[in-house]
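Novice: How does the following fold in three dimensions:
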Amino acid sequence: MGGRPCRFLFRAKMATTTKQDYYELLGVPRKAGAKDIRAAFRKLARKYHPDLNPGDKSSEDKFKQLQEAYDVLSDSKKRQMYDQYGFYSDNIPPGGPGAPTSDGQDVNFDFGGFDFGGGSGGAEGGSSFRDLFGQFFRGGRGGAAMEPEHEPGGDLEYQIEIDFWDAVRGAVKKLSITRLDTCETCHGTGAVGSPQTCPTCHGTGTIQQTAGKMKFNVPCTRCGGTGQLRTVCKTCGGEGRVRRTESIDVRIPAGVANGGRVRVPGKGNSGTMGAPAGDLYLRVVVKPHEFFERRGDDLYTKIPVTVSEATLGAKIEVPTIDGSVVDGRPSSGRALVRIPPGTNSGKTLRLKEKGVPSARNRARGDQYVEIQVVVPPPTDERVRNLMKELETVAPADPRKDLFAKAGV
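Specialist: Now for the predicted structure:
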């Protein structure tokens, strides 16, 4: 062949039970999502990584199997083919000609572009077809899965309880949170020290594997095809992040409602390799107030008035939220309200823009004042006489239409 690349088709029987199930390897169910698969792989990869288990052949083999499983299950197209046929190959489109079936149908592999020679050695000479195809099917990624990933940090959510006045006027609260923060030892890289040249591939990033008279250049499994080795940070185990509890000051905006969420940018879990951190979300629980009842941005209050005030009309003062803070404690304000003559108990008066400022646009709601007529207790003889005289002077039957309205 004169050392020139040649192309030929190699026919191989692909059995469906030659390798351990990828899902079992990673310890995830077959319906696991991409995030669960990635988390399972990262956990196991750190446990079996060759750099953390020097000289342990079984750990190295286990690590290779985990890489192969993750490479297939993390890719939706590869995973679809694996779920359907029990194996994956870059050379066979899902459902296409030559796809394997349960009866061991023949499969065609195109090795065009590879060099063939008479040697039987190489940097990884004597590798079996199973190891060789395992590297080939992984798409040439090898150990690259252990390279640091630029993964954004996840969001966090906490619950915080505040009182009515903090929600209405805003406040700054101190909160203790636990989050994944950037490792100070490795500065989020997951590695310490300067990278070293990989002794297996001598910095080239590739190694040669042989099968009979065929030679294949594949990514180095020791360095992941980078040509360099990283010393895993022992503080974070290569994660680049550590769990840390910290105290932060959180600004509660004026107008936040019960059940609302306050966003604190960048205070979620840190990202890896300089990726942005997630956000912190605070679910707000507002304690109820004894006098002010909040509905949206409106306030509802009940104001007692005397019989004479309700009958003759009056101008009274009612509490509002437009007060001031005295000695660190909020106080309510006052507004003058006119009670029309002949006002019955239960009548509602509106105080425009005396409600809560909106947390979104600062527009204020209204305050609704419900009148409650307080009848004096008939303990005094003069009171009883006046009530009898009133009944004589202004007789009235407030229930005369009651049965007609009820349809009785």
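
Novice: from here on, contacts and neighbour counts on C-alpha atoms
Specialist: Will do.

Novice: quick one: low-confidence parts of the stretch 201-350 of the chain?
Specialist: Where the stretch 201-350 of the chain drops to pLDDT under 70, the residues are 211-213, 325-330.

Novice: how about the strands of it, start to end?
Specialist: Assigned by DSSP state E, counting those that start in this stretch, the strands in the stretch 201-350 of the chain fall at 206-211, 214-219, 228-232, 241-252, 261-264, 280-286, 293-295, 298-306, 314-320, 325-326, 329-330, 333-339, 348-351.

Novice: For Lys64, find the nearest of these.
Specialist: strand 214-219 (12.3 Å; C-alpha to C-alpha).

Novice: send the alpha carbons of the closest one over as CSV?
Specialist: This file holds the C-alpha atoms of strand 214-219, laid out as CSV (Å, rounded to 0.1, in the frame of the first residue of the first chain):
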residue,chain,number,x,y,z
MET,A,214,-4.3,-1.7,11.4
LYS,A,215,-3.1,1.4,13.2
PHE,A,216,-5.3,4.0,14.7
ASN,A,217,-4.5,7.5,16.1
VAL,A,218,-6.9,8.1,19.0
PRO,A,219,-7.0,10.8,21.8
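
Novice: Report the buried residues of that strand.
Specialist: Neighbour counts over strand 214-219 (16 or more other C-alpha atoms under 10 Å) mark 215-219 as buried.

Novice: cool, and stretch 189-209?
Specialist: Buried-residue list, stretch 189-209, by 16+ other C-alpha under 10 Å: 189-192, 197-198, 200-201, 203-209.

Novice: Which of the residues you listed sits closest to Ala39?
Specialist: Proximity of those to Ala39 (C-alpha to C-alpha) peaks at Gly190, which lies at 15.9 Å.

Novice: Can you get me a residue count around Gln372?
Specialist: Using other C-alpha atoms under 10 Å, Gln372 has 19 other residues around it.

Novice: which ones are touching it?
Specialist: 302-305, 344-347 (C-alpha atoms under 8 Å, 6 or more residues apart in numbering).

Novice: ok, now which ones touch the residue nearest in space to the middle of the chain?
Specialist: Closest to where the C-alpha atoms of the chain average out (C-alpha atoms, centre = their mean) is Asp155, at 4.2 Å. Contacts for Asp155 were tallied using C-alpha under 8 Å, 6+ apart; they are 268-269, 278-281.

Novice: Are any of those buried, and if so which?
Specialist: Applying 16+ other C-alpha under 10 Å to the contacts of Asp155 flags 268-269, 278-281 as buried.

Novice: what pairs with Ile252 across the strands?
Specialist: Per DSSP bridges, the residues bridged to Ile252 are Ala171.

Novice: what's near enough to touch it?
Specialist: Counting by C-alpha under 8 Å, 6+ apart, Ile252 makes contact with 166-167, 170-173, 262.

Novice: Buried ones only from those residues, please, as a ChimeraX command.
Specialist: Paste this into ChimeraX to select the buried members of these, with burial taken from 16+ other C-alpha under 10 Å:
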select :166,167,170,262
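
Novice: Among the contacts of Ile252, find me the one that's closest to Arg362.
Specialist: Using C-alpha to C-alpha, the contacts of Ile252 come closest to Arg362 at Gly170, 12.1 Å.

Novice: Phi first, then psi, for the nearest residue to the closest one once chain neighbours are set aside.
Specialist: Of all residues not flanking Gly170 in the chain, Ala254 sits nearest, at 3.8 Å (C-alpha to C-alpha, 6 or more residues apart in numbering). With angles defined as degrees, to the nearest 10, Ala254 sits at phi -60, psi 140.

Novice: can you pull the contacts of Ala254?
Specialist: 166-171, 357-359 are the contacts of Ala254 under C-alpha under 8 Å, 6+ apart.

Novice: okay if I get these as JSON lines plus pLDDT, secondary structure and distance to Lys315?
Specialist: Converted to JSON lines, the contacts of Ala254 look like this (pLDDT from 0 to 100; DSSP: H, G, I helix; E, B strand; the rest coil; distance: C-alpha to C-alpha, whole Å):
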{"residue": "Asp166", "pLDDT": "94", "secondary structure": "helix", "distance to Lys315": "31"}
{"residue": "Ala167", "pLDDT": "94", "secondary structure": "helix", "distance to Lys315": "30"}
{"residue": "Val168", "pLDDT": "93", "secondary structure": "helix", "distance to Lys315": "27"}
{"residue": "Arg169", "pLDDT": "91", "secondary structure": "helix", "distance to Lys315": "28"}
{"residue": "Gly170", "pLDDT": "92", "secondary structure": "coil", "distance to Lys315": "32"}
{"residue": "Ala171", "pLDDT": "93", "secondary structure": "strand", "distance to Lys315": "34"}
{"residue": "Pro357", "pLDDT": "91", "secondary structure": "strand", "distance to Lys315": "26"}
{"residue": "Ser358", "pLDDT": "90", "secondary structure": "coil", "distance to Lys315": "29"}
{"residue": "Ala359", "pLDDT": "86", "secondary structure": "coil", "distance to Lys315": "32"}
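
Novice: In those residues, find the pair that's most separated.
Specialist: Ala171 and Ser358 (15.0 Å).

Novice: what's next to the host helix or strand of Leu390, contact-wise?
Specialist: According to DSSP states H and E, Leu390 maps onto helix 381-393. With contacts defined as C-alpha under 8 Å, 6+ apart, helix 381-393 is touched by Pro378.

Novice: can you pull the contacts of the nearest residue to Leu229 once chain neighbours are set aside?
Specialist: Distances taken as C-alpha to C-alpha, 6+ apart place Gln196 nearest to Leu229, at 5.1 Å, with adjacent residues excluded. Residues counted as contacts of Gln196 (C-alpha under 8 Å, 6+ apart) are 228-230.
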